[in-house]
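>>> would you be able to build a 3D model of this:
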Amino acid sequence: MSVANAPELMDKLLNGLRLAVTEMMTAMAMSEVVFAGQESVNAFSISSEVVGLVRLDGKMHGMVGVSCSKELLREIVSRIVGLTPEELFMEDLLDGAAELANMVCGGMKTKAQIGDVNLSPPVAVVGQEYTAQWKTNRPTTLFTFQMEEGILKVYASL
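Take a look at the predicted model:
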């Protein structure tokens with residue numbers, strides 16, 4: 001089934017994604033999270049300091065990306081693993097970015113109550129002056145979340 005032919009499935013996934021991010025960040029990172037908006041964007045293109053990506057395949061296909069500043073990721077990972085931000089190494093940040101994307105996608109899948117969707121192993125990029133772009137003609141939705149420590153963005157192309 002193509003999501004383009006099933007608007008109700010698309011709505012379930014996007015609502016599931018929004019709920020998953022809010023609940024997960026509140027519970028896991030012990031941080032207040034406010035949904036700040038949702039918009040359609042022209043491309044799945046991310047150029048922030050941190051990105052975690054997960055590909056979806058099976059009943060529906062797509063890509064979800066989570067992005068934020070390195071400082072915000074450091075704070076999130078610190079709270080989840082119980083170390084101070086100064087104790088974290090680059091490997092911790094890469095693992096954290098990947099796991100953040102993985103948890104968001106798993107939460108979306110659970111909240112939307114859809115089966116037969118496989119999640120790829122997550123990919124993480126932490127650095128400066130890069131652009132991650134998925135070449136697709138699928139619509140892309142950008143969610144923005146305000147956290148105490150900064151802005152978290154989630155891209156969904158389904």
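
>>> centre-most residue in the protein?
What sits nearest the mean C-alpha location of the chain, by Cα atoms, centre = their mean, is residue 66, with 3.1 Å.

>>> what's near enough to touch that one?
Neighbour list for residue 66: 51, 52, 53, 97, 100, 101, 104, 152, 153, 154, 155 [criterion: Cβ atoms under 8 Å, 6 or more residues apart in numbering]. Every C-beta, even on glycine, is put in place using the N, C-alpha and C of the backbone.

>>> just those now: which is nearest residue 76?
Out of the contacts of residue 66, the one with the shortest distance to residue 76 is residue 100. That distance is 6.8 Å, counting by Cβ to Cβ.

>>> average pLDDT for the strand or helix carrying the closest one, rounded please.
Residue 100 is part of helix 90-112 when elements are defined by DSSP states H and E. Confidence over helix 90-112, taken as the mean pLDDT, stands at 95.

>>> CA atoms of that helix as PDB?
Written as PDB, here are the backbone C-alpha positions of helix 90-112 (Å, rounded to 0.1, in the frame of the first residue of the first chain):
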ATOM      1  CA  MET A  90      32.200  11.900  20.100                       C
ATOM      2  CA  GLU A  91      31.200   8.300  20.000                       C
ATOM      3  CA  ASP A  92      28.600   8.900  22.700                       C
ATOM      4  CA  LEU A  93      27.100  11.700  20.600                       C
ATOM      5  CA  LEU A  94      27.100   9.600  17.400                       C
ATOM      6  CA  ASP A  95      25.400   6.800  19.300                       C
ATOM      7  CA  GLY A  96      23.000   9.300  20.900                       C
ATOM      8  CA  ALA A  97      22.000  10.800  17.500                       C
ATOM      9  CA  ALA A  98      21.400   7.400  16.000                       C
ATOM     10  CA  GLU A  99      19.400   6.100  19.000                       C
ATOM     11  CA  LEU A 100      17.300   9.300  19.100                       C
ATOM     12  CA  ALA A 101      16.200   8.700  15.500                       C
ATOM     13  CA  ASN A 102      15.600   5.100  16.200                       C
ATOM     14  CA  MET A 103      13.500   5.800  19.300                       C
ATOM     15  CA  VAL A 104      11.400   8.400  17.400                       C
ATOM     16  CA  CYS A 105      10.700   6.100  14.500                       C
ATOM     17  CA  GLY A 106       9.900   3.200  16.800                       C
ATOM     18  CA  GLY A 107       7.600   5.400  18.800                       C
ATOM     19  CA  MET A 108       5.900   6.600  15.600                       C
ATOM     20  CA  LYS A 109       5.300   3.100  14.400                       C
ATOM     21  CA  THR A 110       3.800   2.100  17.800                       C
ATOM     22  CA  LYS A 111       1.600   5.200  18.200                       C
ATOM     23  CA  ALA A 112       0.300   4.800  14.600                       C
END
